[in-house]
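Participant: sequence and predicted structure are below.
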Amino acid sequence: MSMTELDVKGLNCPLPVLRVKKAMAGLPAGATLKVFATDPGAVKDFEAFCKTTGNVLKSSAEADGVFVFEIGKAG
(Lines give C-alpha, C1' and ligand atoms only; values in the text may rest on other atoms or scores of the structure.)
Protein backbone atom coordinates (compact mmCIF):
# COMPACT_ATOMS: atom_id res chain seq x y z
CA MET A 1 0.00 0.00 0.00
CA SER A 2 1.15 3.51 -0.69
CA MET A 3 1.99 6.04 1.99
CA THR A 4 1.81 9.77 1.43
CA GLU A 5 3.22 12.34 3.86
CA LEU A 6 1.63 15.66 4.77
CA ASP A 7 3.34 18.33 6.86
CA VAL A 8 0.91 20.62 8.69
CA LYS A 9 3.35 21.75 11.39
CA GLY A 10 2.76 25.32 12.52
CA LEU A 11 -0.91 25.28 11.50
CA ASN A 12 -3.69 25.51 14.07
CA CYS A 13 -7.22 24.15 14.11
CA PRO A 14 -9.07 23.81 11.80
CA LEU A 15 -6.36 24.00 9.11
CA PRO A 16 -4.67 20.62 9.80
CA VAL A 17 -7.96 18.74 9.46
CA LEU A 18 -8.93 20.68 6.34
CA ARG A 19 -5.57 19.90 4.71
CA VAL A 20 -5.90 16.22 5.67
CA LYS A 21 -9.44 16.07 4.31
CA LYS A 22 -8.23 17.50 0.98
CA ALA A 23 -5.22 15.13 0.86
CA MET A 24 -7.35 12.07 1.69
CA ALA A 25 -9.75 12.89 -1.15
CA GLY A 26 -6.94 12.40 -3.64
CA LEU A 27 -5.79 9.04 -2.28
CA PRO A 28 -6.96 5.60 -3.39
CA ALA A 29 -8.83 3.35 -0.93
CA GLY A 30 -6.44 1.53 1.37
CA ALA A 31 -3.71 4.17 1.12
CA THR A 32 -2.15 5.66 4.25
CA LEU A 33 -1.57 9.34 4.95
CA LYS A 34 1.21 10.12 7.43
CA VAL A 35 0.61 13.53 9.00
CA PHE A 36 3.06 15.70 10.95
CA ALA A 37 1.41 18.36 13.15
CA THR A 38 2.34 20.63 16.06
CA ASP A 39 -1.17 21.65 17.20
CA PRO A 40 -1.94 19.72 20.42
CA GLY A 41 -5.63 19.87 19.47
CA ALA A 42 -4.86 17.74 16.41
CA VAL A 43 -5.05 14.57 18.50
CA LYS A 44 -8.75 14.99 19.25
CA ASP A 45 -9.39 16.57 15.84
CA PHE A 46 -8.06 13.57 13.91
CA GLU A 47 -9.85 11.09 16.17
CA ALA A 48 -13.11 12.91 15.43
CA PHE A 49 -12.26 13.25 11.72
CA CYS A 50 -11.76 9.49 11.41
CA LYS A 51 -14.97 8.71 13.31
CA THR A 52 -17.04 10.96 11.07
CA THR A 53 -15.40 9.99 7.75
CA GLY A 54 -14.95 6.26 8.29
CA ASN A 55 -11.18 6.51 7.79
CA VAL A 56 -8.94 4.65 10.26
CA LEU A 57 -6.53 6.28 12.69
CA LYS A 58 -3.83 3.59 12.53
CA SER A 59 -1.43 5.29 14.92
CA SER A 60 -0.66 8.50 16.70
CA ALA A 61 2.53 9.42 18.50
CA GLU A 62 4.29 12.49 19.78
CA ALA A 63 8.00 13.29 19.90
CA ASP A 64 9.61 16.64 20.69
CA GLY A 65 6.33 18.53 20.25
CA VAL A 66 5.56 16.99 16.86
CA PHE A 67 2.53 14.74 16.57
CA VAL A 68 2.66 11.99 13.95
CA PHE A 69 -0.54 10.34 12.74
CA GLU A 70 -1.10 7.53 10.27
CA ILE A 71 -4.57 7.65 8.77
CA GLY A 72 -5.83 4.84 6.54
CA LYS A 73 -8.24 5.72 3.76
CA ALA A 74 -11.51 3.83 4.02
CA GLY A 75 -12.82 1.98 1.07
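Facilitator: The structure has been received and is ready for your questions.

Participant: how about the strands in this structure?
Facilitator: 3-7, 32-37, 56-63, 66-72 (DSSP state E).

Participant: want to throw these into TSV with mean pLDDT and distance to residue 47?
Facilitator: All C-beta atoms are positioned from the backbone trio N, CA, C, and that covers glycine. Output for the strands of the chain, formatted as TSV (pLDDT from 0 to 100; distance: least, Cβ to Cβ, whole Å):
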stretch	mean pLDDT	distance to residue 47
strand 3-7	97	17
strand 32-37	98	13
strand 56-63	97	6
strand 66-72	98	9
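
Participant: mean neighbour count added to those strands, as a markdown table?
Facilitator: Formatted as a markdown table, these follow (neighbours: other Cβ atoms under 10 Å):
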| stretch | mean neighbour count |
| --- | --- |
| strand 3-7 | 13 |
| strand 32-37 | 20 |
| strand 56-63 | 12 |
| strand 66-72 | 19 |
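
Participant: next one: the residue located most distally from the centre of the chain, what pLDDT does it get?
Facilitator: In terms of distance from the mean C-alpha position of the chain, residue 64 ranks first, at 18.0 Å (Cα atoms, centre = their mean). With respect to pLDDT, residue 64 scores 96.

Participant: thank you kindly, that will do.
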